[in-house]
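Enquirer: After the sequence you'll find the predicted model.
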Amino acid sequence: MLDLLRNVTVFAPEALGEQDVLVASGRVLALGTQLAAPSGLATRVRDFRGKRLVPGLIEGHAHVTGGGGEAGFATRVPPVPPSRFTTAGVTSVVGLLGTDDCVRSTAELVAATYALREHGLGAWCYTGGYHVPPTTLTGSVRRDVALVEPIVGIGEVAISDRRSSQPTFDELLRIASDAYVGGLMSNKAGVTHLHLGDGARGLEFVRRALDESELPASSWYPTHVNRRKALFDEACALAARGVTIDVTAFPVADGEDAWSAADALLRYFERGGAPERITISSDSGGCLPEFDASGRIVEMGVGSPSALASTLAELVARGLPLERALPAFTSNVARVLRLEGRGRIDSGLPADFAVLDESNRVTDVMCAGRWHVIDGEPVVRGPFEG
């Protein structure tokens, strides 16, 4: 069956105005005005006048096998069900391991990535986790990136964090170069995705790498850079040198020394930052811990994919044009991770869409030409979601 979306205002992510969109075989067949359904073919027609069609959001930092575990085995977060992504407008996911790269493995992560693909989402992953030497599938970061198709780089490698393995500068350069060369061999991003803690060293290693090594700025992709205001300043300076930075849509309390994802993006633009050098992720499925002075967890939240859509809605409500906000959730992520065909709407590309209402809330979601969410309700679920 073909799908014809009529009278929908398209952001691709640039504003294209009101269009009809014809979908066939999982891809966009045509965009235009007053498109006719092909004669003799079954076509499902839905009218979306007054609503907005945007590229499916890309969750570039997700603990798809579950995160947590920092306060005992009972605090291990369960895997994220597929419909948790789709109801949040997410059609593509990049999975990773965090603190627990001991019990949770790269093999398990690759399997979970394939499972998301079987559910109809776009899905990729990283090798490794917080610690050095990294956990891998083949015994080598370079071979994992080069030979295992869904693996796009290494991450999230923890630095400036009490939970890291306190890697040396040379150790970090070695694994980053392995990821980079593996990417060259396989035409992938080959990035090193860095988890930033709240330690005083901040992004010192990345600055040194730009100054002292031959690795290009594009090989570094630090995340959680909005967790401290001074850290965000460091990150903005690196973005000016060609590094793509990632801010996390976690809750920020009044008076906290952090920026919310919305505040971070607005401040980045106010500083004149290159629009293509910043992305937003939610840390979905990951533990959001609070530590006391002795380093013990006193409170723990869990990241949710819904933080992406709510941050997008907040940005538009605060006056940022939708076409200016969208790339941080869509095309910028696809560019830095080289996810071909994702993060945009155009003829011939995968039909991955989210439909937003007048309040920019997600109402309908299509993944690879199949409706996963209709009128706010998931119509496709994983086998264990009920």
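Expert: Thanks, I have it. Numbers count the residues shown, from 1 in each chain.

Enquirer: per-residue confidence averaged over stretch 29-43?
Expert: Averaging pLDDT along stretch 29-43 gives 90.

Enquirer: Please point out which parts of that stretch sit buried.
Expert: Neighbour-count burial for stretch 29-43, counted by 16 or more other Cβ atoms under 10 Å, picks out 29-31, 35, 37, 43. C-beta coordinates here come from the backbone N, C-alpha and C atoms, glycine included.

Enquirer: Of those, just say which sits nearest to A262.
Expert: L31 (29.8 Å; Cβ to Cβ).

Enquirer: Do you have the helices of the stretch 1-150 of the chain handy? List them.
Expert: For the stretch 1-150 of the chain, the helices defined by DSSP state H, counting those that start in this stretch cover 82-86, 106-118, 141-147.

Enquirer: residues making contact with the longest one?
Expert: So that's helix 106-118. 64-65, 79, 82, 85, 93, 95-97, 123-128, 135-137, 144, 148, 150-151 (Cβ atoms under 8 Å, 6 or more residues apart in numbering).

Enquirer: Buried among the residues you listed? Need that as a selection in PyMOL.
Expert: The following PyMOL line selects those of those that are buried, judged by 16+ other Cβ under 10 Å:
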select buried, resi 64+65+79+82+85+93+95+96+97+123+124+125+126+127+128+135+136+137+144+148+150+151
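
Enquirer: Enumerate every residue touching T91.
Expert: 55-58, 85, 121-122, 342, 352-354, 365-368, 372.

Enquirer: let's go with 10 Å and repeat that
Expert: Listed by Cβ atoms under 10 Å, 6 or more residues apart in numbering, the contact set of T91 reads 55-59, 85, 120-123, 330, 342-343, 350-354, 365-368, 372.

Enquirer: Narrow those to those in strands?
Expert: 55, 57-59, 122-123, 353-354, 365-367, 372 (DSSP state E).

Enquirer: Low-confidence regions, the stretch 201-350 of the chain specifically.
Expert: Scanning the stretch 201-350 of the chain for pLDDT under 70 picks out 289, 291-295, 297-298.

Enquirer: Let me see the ranges of the strands in it.
Expert: Applying DSSP state E, counting those that start in this stretch to the stretch 201-350 of the chain gives strands spanning 220-223, 245-248, 278-281, 287-291, 297-302.

Enquirer: is it true that I175 touches V157?
Expert: Yes. Using Cβ atoms under 10 Å, I175 is in contact with V157, at 6.9 Å.

Enquirer: Between these two, which is the more surrounded one?
Expert: For I175 versus V157, the count of surrounding residues by other Cβ atoms under 10 Å is larger for V157: 28 against 21.

Enquirer: how close does the more buried one get to R52?
Expert: Note on V157: its distance to R52, by Cβ to Cβ, to the nearest Å, is 37 Å.

Enquirer: Kindly report the same for G190.
Expert: Going from G190 to R52 by Cβ to Cβ gives 34 Å.

Enquirer: Looking at the two, which is more packed in?
Expert: Shown here are G190 and R52; by other Cβ under 10 Å, G190 has more neighbours (29 against 20).

Enquirer: Sticking with the closest residue in space to that one that isn't next to it in sequence, tell me its helix or strand.
Expert: Nearest-residue entry for G190: G183, 1.8 Å, with adjacent residues in sequence omitted and distances by Cβ to Cβ, 6 or more residues apart in numbering. Using DSSP states H and E, G183 sits in helix 169-186.

Enquirer: Tell me how many other residues crowd I278.
Expert: Counted by other Cβ under 10 Å, the residues lying close to I278 total 23.

Enquirer: That one against T223, yeah?
Expert: No. Here I278 lies out of contact with T223, judged by Cβ under 10 Å, at a distance of 11.2 Å.

Enquirer: Show me whatever sits in contact with both of these two.
Expert: 235, 245-247.

Enquirer: Now, of those, which are buried?
Expert: 235, 245-247.

Enquirer: Just name the closest of the residues you listed to A179, please.
Expert: D246 (16.1 Å).

Enquirer: Now that closest one. Nearest residue, chain neighbours left out?
Expert: D246 sits nearest to T223 (Cβ to Cβ, 6+ apart), 3.9 Å away.

Enquirer: Any figure for the gap between G72 and R296?
Expert: Distance of G72 to R296, given as Cβ to Cβ: 11 Å.

Enquirer: And the pLDDT for the spatially most central residue of the chain?
Expert: By Cα atoms, centre = their mean, the chain has its centre lying nearest to G60, at 1.7 Å. As predicted, G60 sits at a pLDDT of 97.

Enquirer: quick one: contacts for it?
Expert: Here G60 is in contact with 92-96, 124, 152, 155, 193, 221, 223, 246, 279-282, 308, 329, 332-334, 336-337, 339 (Cβ under 10 Å, 6+ apart).

Enquirer: go again using 7 Å as the cut-off
Expert: 94, 246, 279, 281, 333, 337 (Cβ atoms under 7 Å, 6 or more residues apart in numbering).

Enquirer: swap in K229?
Expert: Per Cβ under 7 Å, 6+ apart, neighbours of K229: 257-259.

Enquirer: Go again with 10 Å.
Expert: Here K229 is in contact with 256-259, 263-264, 267 (Cβ under 10 Å, 6+ apart).

Enquirer: Show me which of these are buried.
Expert: 258-259, 263-264, 267.

Enquirer: Report the contact partners of S92.
Expert: Contacts of S92 (Cβ under 10 Å, 6+ apart): 55-60, 85, 116, 121-124, 330, 333-334, 337, 339, 341-343, 350, 352, 367.

Enquirer: what separates it from E118, distance-wise?
Expert: 15 Å.

Enquirer: same check, this time on A88
Expert: 20 Å.

Enquirer: Could you check which of these two has the larger neighbour count?
Expert: A count of neighbours by other Cβ under 10 Å puts A88 above the other of A88 and E118, at 23 against 11.
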